[in-house]
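Asks: I would like the atomic coordinates for the input below:
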Amino acid sequence: MDPLEPAKFKHKKVPRGPPSPPPPVMHSPPRKVSKDELADWNIPPCISNWKNPRGYTIPLDKRLAADGRGLQQVQINDNFAKIAEALYTAERTARDEVTQRAMIRERLARKEMEAKEEMLRKVAQETREKPQQVLLLHQASTRQKKTKKRQKENESRSTVQTKEGRTRRRRTDQ
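Replies: Model prediction:
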């Protein structure tokens, strides 16, 4: 038997027999409906905050009533208070740290300024004393030059040139 082969027999539905007669509905005599009962049975139309295909103008109070927000009780979790407190303390400690860092920077800047001022004072003092030192240094250097010159002259007088081309000191004990 091939499953792709068309069916050989057709399934026919057999028509149903007549149903049993419906049970009789017992109605009380009709009476007039009061306005209160009519208002109780009134179902407001569905109002969506997302779709308004017919473009009706719907008042805000109706939209909010349809949302169901007014029916809910607002509950604030205890953890919210905990996290708010934690954030507050973290912010306060961060502010304290920032102020301490600023004070340290200020102290360091003040020390640096004092060190610069001290160095400038020293430089100014040195420049005031420099002309005197330059004069003293000049005098000292001229003295050294003169003494070296005298020593050379004395050496040249006391040295003698030998046959080999060397210089030797002359004996002064004779």
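
Asks: Against K32, how distant is A102?
Replies: Distance, A102 to K32, by CB to CB, to the nearest Å: 85 Å. To be clear about C-beta, it is placed using only N, CA and C from the backbone, and glycine gets the same treatment.

Asks: who has more neighbours, the two?
Replies: A102 (10 against 5; other CB atoms under 10 Å).

Asks: quick one, strands of this protein?
Replies: For the chain, strands defined by DSSP state E occupy the ranges 159-161, 167-169.

Asks: Let's test this: mean pLDDT of the first one, rounded?
Replies: Rounded to a whole number, the mean pLDDT of strand 159-161 is 59.

Asks: which intervals of the chain have sub-threshold pLDDT?
Replies: Residues of the chain that meet the criterion pLDDT under 70 lie in 133-134, 156-174.

Asks: State which helix of it is the longest.
Replies: Ranked by residue count and defined by DSSP state H, the top helix of the chain is helix 78-158.

Asks: what about that helix, distance to the chain center?
Replies: The chain centre lies 36 Å from the centre of helix 78-158; the measure is CA atoms, centre = their mean, to the nearest Å.

Asks: Relative to L135, how far out is G17?
Replies: Distance check for G17 against L135: by CB to CB, it reads 145 Å.

Asks: To clarify, my last question referred to N42.
Replies: Taken as CB to CB, the span from N42 to L135 is 118 Å.

Asks: And those two? Which one has more around it.
Replies: Ranked by neighbour count (other CB under 10 Å), N42 and L135 place L135 first, with 10 against 7.

Asks: separation between the more buried one and K10?
Replies: Taking CB to CB, one finds L135 at 138 Å from K10.

Asks: which non-adjacent residue is nearest N49?
Replies: Nearest residue to N49, sequence neighbours excluded (CB to CB, 6 or more residues apart in numbering): R63, at 5.9 Å.
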